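Colleague: the following block contains a protein sequence and its predicted model.
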Amino acid sequence: MRHGKKINHLSRQAPHRKAMLANMACSLIQHKRVSTTVAKAKALQKYIEPIITKSKTDSTHSRRVVFSYLKSKEAVTELFREVSTKVMERPGGYTRILKTGFRLGDNAQMCFIELVDYNENMLKDGGAKKSSSRRRRGGAKKATETTTEVKAEETVVEEPKKTDDVVEEPKAEEPKAAKEEDATEEDKKEDEKKD
């Protein structure tokens with residue numbers, strides 16, 4: 001039974017697993033993107049997110065703590081100089097996992113794990129976000145009906161160009177709903193006059 005065992009051991013002994021995660025974390029910091037299996041990427045995500053959070057405070061103590069995990073001076077320097085300044089405003093979620101398919105040999109599910117602030121393609125798309133819409137019960141139909149009615153009633157009126165010659169102003173077309181309302185009002189007036 002595996003009650004309460006939350007860590008994925010990745011079929012490795014503890015020293016091997018720690019060394020592998022430290023090595024992958026250094027590669028991720030230096031190259032900003034690593035291709036690996038989904039299981040290793042999820043383990044790496046749990047491993048590196050607290051390290052990046054620690055790098056936001058640039059002190060000797062935090063550098064030593066991060067070095068105890070990464071064991072690479074170059075990676076620590078890169079993390080504190082470049083990565084920490086770029087993720088300073090972000091409250092968490094520094095990495096992203098993008099699934100890429102299955103490996104040919106053993107059919108393992110593969111993915112990219114990358115630092116969120118370094119993917120230029122996604123940052124360009126992020127500027128033009130769609131307006132978010134919520135899924136609601138019942139009220140959504142009423143809201144859409146009222147918006148379509150309002151859109152139908154709105155018309156664009158073009159102003160005539162000013163010239164020296166006298167030109168008749170073109171009349172803007174009234175919507176059908178407005179014409180029908182005018183017709184019904186005229187009928188009512190005629191009925192009142194007859195009575």
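Modeller: Everything's here; your move.
Colleague: need phi/psi at residue 97.
Modeller: The phi/psi pair for residue 97 (degrees, to the nearest 10) reads phi -110, psi 120.
Colleague: same check on residue 93?
Modeller: Residue torsions, per degrees, to the nearest 10, at residue 93 are phi 70, psi 50.
Colleague: pLDDT below threshold where in the protein?
Modeller: Along the chain, segments meeting pLDDT under 70 span 126-132, 139-184, 194-195.
Colleague: repeat the analysis, applying 90 as the threshold.
Modeller: For the chain, applying pLDDT under 90 flags the ranges 2, 119-195.
Colleague: show me where it has its strands.
Modeller: Listed in chain order, the strands of the chain (DSSP state E) span 33-37, 95-102, 109-115.
Colleague: for the last one, list the C-alpha coordinates in PDB.
Modeller: Taking Å, rounded to 0.1, in the frame of the first residue of the first chain, the C-alpha atoms of strand 109-115 are listed here in PDB:
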ATOM      1  CA  GLN A 109       4.700  10.800 -22.700                       C
ATOM      2  CA  MET A 110       7.100  13.700 -23.500                       C
ATOM      3  CA  CYS A 111       6.900  17.400 -22.800                       C
ATOM      4  CA  PHE A 112       8.800  20.700 -22.600                       C
ATOM      5  CA  ILE A 113       9.200  22.400 -19.300                       C
ATOM      6  CA  GLU A 114      10.100  26.000 -19.600                       C
ATOM      7  CA  LEU A 115      10.300  29.300 -17.700                       C
END
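Colleague: quick one: it to strand 33-37, angle?
Modeller: Interaxial angle, strand 109-115 versus strand 33-37 (axes from the mean of the first three to the mean of the last three Cα atoms, to 10 degrees): 150 degrees.
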